[in-house]
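In: below is the structure, and that's it, no one-letter string:
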């Protein structure tokens, strides 16, 4: 089988800080803010892209994405261990891997699109070193604390749930038939590496309207509620929340809800054959596309992070014509609607007021939200602050 080349495209990091206009657009009297409850400062760190990965008991795990260096600190900020998996070593992974996840034994589970699935002890020892099941092409690998994968349990077995980012070979031109047959999710047993593809587009999805779409638009973001056995899923180019009952072998769609996201414009399709199979996006054809960025579960609520499209279409046309990153481009970037909203069980959607965050992202661990302090851009950082807190709803 012919394999498509792997390409990593690092995007402008999403900012969770909402504009004043976006915060005031909701007529509800309910206010949701993130209140800090504690913090941890780690010092003498020489890292290019320093990301919090998780907490196991009293150990805080961080990683330098560029060097594959792993740092483990105690609750006082003292370095406990430091190791890396660069080069030709057992359990190796690279900057193309996603954020760490942790199984019930406290092992780090790492999916590397070029090196396969790795299960590691917190001291770096290898538990499992699986090869590549299928080459993955990650085309939106911006630096982020967001969880784009998830460890779940089914029938007593643990699995890694993640999106299918491969650009498949297809006989014929890129056509709607391809989208009808495509499965979007992978489920890999972390003990055996046995992997299954599943989940087609729902019948009501705009991506089955007879046109074709950029790969960016059809990528799923999701969260599986282990207790309720429900899978919540959105596609990046569509403002619809799909809800599946996954108590059986396969998820079954039970509900869908169109969300009112300020400034979000649903993806527009193109005539069959007019765009390349697997093409991530095209700024000239579709500049400033709206994107669903992340979906997290917090208690009984869902947190939805997104970026919309600026209203000033004349300015957008000017940027496309000039093909330059100029003052107009900067202005449009600042005017892009973006934010994080809380989706309540009754369907109410409430903007969340978040503080400035390093990498513009956060991680939900249990009932807490973790984020990193945004450093001074004029000072080379050698210490980093990790905050955690809870949402305050009033």
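Out: Everything's here; your move. Worth saying up front: this structure is predicted, and the values here are computed from it rather than measured.
In: contacts only, for residue 163.
Out: Counting by Cβ atoms under 8 Å, 6 or more residues apart in numbering, residue 163 makes contact with 148, 184, 185, 186, 219, 220, 221, 222. Heads up, the C-betas are built off the backbone N, CA and C, glycines and all.
In: distance of the second one from residue 40?
Out: I take that to be residue 184. Distance of residue 184 to residue 40, computed by Cβ to Cβ, to the nearest Å: 37 Å.
In: quickly list what residue 390 is bridged to.
Out: Counting by DSSP bridges, residue 390 forms beta bridges with residue 35.
In: neighbours of it, how many?
Out: Neighbour count of residue 390, defined by other Cβ atoms under 10 Å: 15.
In: centroid-nearest residue for the chain?
Out: The C-alpha lying nearest the average C-alpha coordinate of the chain belongs to residue 148 (Cα atoms, centre = their mean; 3.8 Å).
In: a helix runs through it, doesn't it?
Out: No. Secondary structure assignment places residue 148 outside any helix; it is coil (DSSP: H, G, I helix; E, B strand; the rest coil).
In: surely it meets residue 296?
Out: No. The pair residue 148 / residue 296 is not scored as a contact, 10.5 Å apart, by Cβ atoms under 8 Å.
In: okay, and for the stretch 1-150 of the chain, where does confidence drop off?
Out: 1-28, 137-141 (pLDDT under 70).
In: ranges for the strands of it?
Out: 32-42, 50-56, 59-64, 69-73, 79-84, 101-102, 108-112, 116-120, 126-129, 150-154 (DSSP state E, counting those that start in this stretch).
In: and the second one, how far from the chain's centre?
Out: Taking the mean of its C-alpha atoms, strand 50-56 sits 15 Å from the chain's own mean (Cα atoms, centre = their mean, to the nearest Å).
In: which parts of that strand are buried?
Out: By 16 or more other Cβ atoms under 10 Å, the buried positions in strand 50-56 come out as 50, 51, 52, 53, 54, 55.
In: wait, the fifth one touches residue 365, no?
Out: Yes. In this structure, residue 54 sits in contact with residue 365. The criterion is Cβ under 8 Å, and the distance is 6.4 Å.
In: anything in contact with each of residue 148 and residue 296?
Out: By Cβ under 8 Å, 6+ apart, no residue touches both residue 148 and residue 296.
In: circling back to that earlier point, the strands of the stretch 1-150 of the chain into CSV, with extra columns for distance to residue 198?
Out: Formatted as CSV, the strands of the stretch 1-150 of the chain follow (distance: least, Cβ to Cβ, whole Å):
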stretch, distance to residue 198
strand 32-42, 34
strand 50-56, 26
strand 59-64, 30
strand 69-73, 32
strand 79-84, 34
strand 101-102, 19
strand 108-112, 17
strand 116-120, 18
strand 126-129, 23
strand 150-154, 12
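In: out of those strands, nearest to residue 337?
Out: Residue 337 lies closest, by Cβ to Cβ, to one member of the strands of the stretch 1-150 of the chain: strand 32-42, at 17.5 Å.
In: so what does the closest one touch, helix or strand wise?
Out: Contacts defined by 3 or more Cβ pairs under 8 Å, 6 or more residues apart in numbering; DSSP states H and E place strand 32-42 against strand 59-64, strand 69-73, strand 349-353, strand 384-393.
In: which among these is found nearest to residue 247?
Out: strand 349-353 (26.6 Å).
In: following the closest one, which helix or strand shows up next?
Out: Sequence order places strand 363-365 as the next helix or strand after strand 349-353, per DSSP states H and E.
In: next, the buried residues of that following strand.
Out: Buried residues in strand 363-365, counted by 16+ other Cβ under 10 Å: 363, 364.
In: now swap in stretch 233-251 and tell me
Out: For stretch 233-251, by 16+ other Cβ under 10 Å, it's 233-242, 244, 246, 251.
In: for these, give me TSV that also has secondary structure, distance to residue 153 and pLDDT.
Out: Shown next, in TSV, are those (DSSP: H, G, I helix; E, B strand; the rest coil; distance: Cβ to Cβ, whole Å; pLDDT from 0 to 100):
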residue	secondary structure	distance to residue 153	pLDDT
233	strand	18	98
234	strand	23	98
235	strand	25	97
236	coil	27	96
237	coil	30	97
238	coil	29	97
239	coil	30	97
240	strand	27	97
241	strand	23	97
242	strand	22	98
244	strand	17	98
246	coil	12	97
251	coil	15	97
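In: which two among those are spaced furthest apart?
Out: Longest distance between any two of the buried residues of stretch 233-251 is 23.4 Å, between 237 and 246; criterion Cβ to Cβ.
In: helices of this protein, start to end?
Out: Secondary structure of the chain (DSSP state H): helices at 20-23, 176-181, 215-218, 313-322, 327-335.
In: for the last one, what is the distance to the chain centroid?
Out: Between the centre of helix 327-335 and the centre of its chain there are 24 Å (Cα atoms, centre = their mean).
In: what packs against it?
Out: helix 313-322.
In: helices or strands up against the helix it packs on?
Out: Contacts defined by 3+ Cβ pairs under 8 Å, 6+ apart place helix 313-322 against helix 327-335.
In: now the helix it packs on: mean pLDDT?
Out: The average pLDDT within helix 327-335 is 90.
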